[in-house]
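J.: quick one: sequence and predicted model below, then my questions.
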Amino acid sequence: MKKIAVIGAGPAGIEAASLLATQGLEVVIYEKEGQPLHNLTDKAYLFPNFADAQEVSKEILAKLSTPRLTLKADTEVTQLQPQAATNGWLVNGEAYNAVLLATGYSTFDAHRKEELGYGIYPGIHTSLEMEKMLREGKIVNTIGDTPRRIAFLQCVGSRDEKVGNHYCSKLCCVTAVKQAIEVKKLMPQCEVYVFYMDLRMWGQHFEELYRQAQSDYGIKFIRGRISEAGGTFDRKVQIKAEDTLMGRPLKLTVDLFVLMVGMEASRGTRNLGMQTAIGGDYGFVQSVDPHIADNLTAQSGLFVAGSCKRPMTLTDSLTDARSAAYEVLKHLLVN
């Protein structure tokens, strides 16, 4: 029986592994974290239909029960190299006929944007921390009261020359709209502001969600750049910005300031990409061609899927995983 290694137990890794196992292959998933799917189970609801992320996660995790599929959690892959004698690959010393890299992404560390005050002043949170509050159904300010005013800031760690990430993370715009709506559902009286460079509502129903945020929930969108954020004596956050539509400076005091952190290549993606000579821009791995060979790499028998290549939505990742599984099967027919 042929053996396949899948590195990464995120949505793409689990989806592809399950499909390959149903075709009679022995599949092993390596996951460096203690639990799989950690980049999905930390979410509250998913756009554009506000599906419960925990319920979606359960459906994906159920695929780990597929026969001939084994999960090795708490296992970081430190060795990934081709095995010329067998035309296969070695993963941590174990031989496989093919390998699928699905190491996913990490979120940008907001401490790197010191001018935005994260970790310095209370009341400044990341979008991931806001997801936790939304999952718990409880949003409070720094003194435990219901916030009266919340601001979201787009593109933290994305489209930013200072941190070296020139690319768009693809998800931040619609995530901010989604979170802003969720806040208004929980706290209708709260004033909600979203600061943006430009809104990239590219997906189906995303533009409608943006319009609904304004018409149904009264969320205010400000095209502007925030130069700095600091604390006040009463533990609020003061934002200094420029309204780039009006061409005027702007100061705003809020109870909570939420930084929409972008996606970066994970440490595993960077390390294994360098080790196998398929590393690409910004630490993501590079496929042969983004149009017609996006799951293939320059290394025979090594395939890639999901957001280890570039920022992707959950839907994109699952679709890409199915394509990758097909490419692995094609490879095995002739090797």
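T.: That came through, no problem.
J.: alpha carbons only for contacts and neighbour counts from here, please
T.: Will do.
J.: next, the closest residue to Gly88 other than its chain neighbours: phi, psi?
T.: In this structure, Gly88 finds its nearest non-sequential neighbour in Asn97, 4.5 Å apart by CA to CA, 6 or more residues apart in numbering. When read as degrees, to the nearest 10, the backbone of Asn97 gives phi -80, psi -30.
J.: list the buried ones in stretch 19-33?
T.: In terms of neighbour count (16 or more other CA atoms under 10 Å), stretch 19-33 has its buried residues at 19-21, 25-32.
J.: so which bits of the host helix or strand of Val6 are buried?
T.: Element membership of Val6 [criterion: DSSP states H and E] is strand 3-7. Within strand 3-7, the residues that qualify as buried are 3-7, counting by 16+ other CA under 10 Å.
J.: which residues sit against the very next helix or strand once past that strand?
T.: Downstream of strand 3-7, the first helix or strand assigned by DSSP H and E is helix 11-22. Identification of contacts with helix 11-22 by CA atoms under 8 Å, 6 or more residues apart in numbering yields 6-8, 27-29, 37, 40, 60-61, 63-64, 66-69, 100-103, 305-306, 314, 317-318, 320-322, 324-325, 329.
J.: if I pick the nearest residue to Asp243 once chain neighbours are set aside, what's in contact with it?
T.: Nearest in space to Asp243, with sequence neighbours left out and distances taken as CA to CA, 6+ apart, is Gly224 at 4.4 Å. Contacts for Gly224 (CA under 8 Å, 6+ apart) come out as 195-197, 241-245.
J.: and which of those is nearest to Met133?
T.: Phe195 (20.5 Å; CA to CA).
J.: number of residues surrounding the closest residue to Leu252 other than its chain neighbours?
T.: Counting by CA to CA, 6+ apart, Ile239 is the residue found nearest to Leu252 once chain neighbours are left out, at 5.1 Å. Neighbour count for Ile239, taken as other CA atoms under 10 Å: 20.
J.: okay, and Ile239 sits in which element?
T.: Short version: Ile239 belongs to strand 237-243, going by DSSP H and E.
J.: who touches the next helix or strand after that strand?
T.: As assigned by DSSP H and E, the chain's next helix or strand after strand 237-243 is strand 248-254. Applying CA under 8 Å, 6+ apart, the contact partners of strand 248-254 are 148-151, 236-243.
J.: and if we set it to 6 Å?
T.: 149-150, 236-242 (CA atoms under 6 Å, 6 or more residues apart in numbering).
J.: and it, which residues are buried?
T.: Buried-residue list, strand 248-254, by 16+ other CA under 10 Å: 253-254.
J.: what average pLDDT does it get?
T.: The pLDDT scores in strand 248-254 average 93.
J.: contact partners for the residue lying farthest from the centre of the chain?
T.: Relative to the mean C-alpha coordinate of the chain, counting by CA atoms, centre = their mean, the farthest residue is Ala85 (37.7 Å). By CA under 6 Å, 6+ apart, no residues touch Ala85.
J.: also Val304?
T.: For Val304, the contacting residues are 100-101, 295, by CA under 6 Å, 6+ apart.
J.: one more: Tyr45?
T.: Listed by CA under 6 Å, 6+ apart, the contact set of Tyr45 reads 51-53.
J.: which of these fall in helices?
T.: Ala53 (DSSP state H).
J.: ok so, going back, let's have the buried residues of strand 3-7 in TSV, adding distance to Gln189.
T.: Formatted as TSV, the buried residues of strand 3-7 follow (distance: CA to CA, whole Å):
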residue	distance to Gln189
Lys3	57
Ile4	53
Ala5	51
Val6	48
Ile7	46
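J.: any idea which of these is closest to Ile139?
T.: Closest approach between these and Ile139, by CA to CA: Ile7, at 36.1 Å.
J.: the closest one contacts Lys32, correct?
T.: No. Between Ile7 and Lys32 there is no contact under CA atoms under 6 Å: 8.8 Å.
J.: follow-up on the earlier one: single out whichever of the contacts of Gly224 has the smallest pLDDT.
T.: Lowest pLDDT among those: Leu245, 82.
J.: what's the burial count for it?
T.: Neighbours of Leu245 (other CA under 10 Å): 9.
J.: for it, which non-adjacent residue is spatially closest?
T.: Using CA to CA, 6+ apart, the closest residue to Leu245 is Arg223 (6.2 Å).
J.: repeat that for Asp289.
T.: Nearest non-adjacent residue to Asp289, counting by CA to CA, 6+ apart: Leu296, 7.8 Å away.
J.: list the beta-bridge partners for the one you found.
T.: On the basis of DSSP bridges, Leu296 is bridged to Phe303.
J.: that older thread, separate out the buried members of the contacts of Val304.
T.: Burial by neighbour count, 16+ other CA under 10 Å: within those this picks out 100-101, 295.
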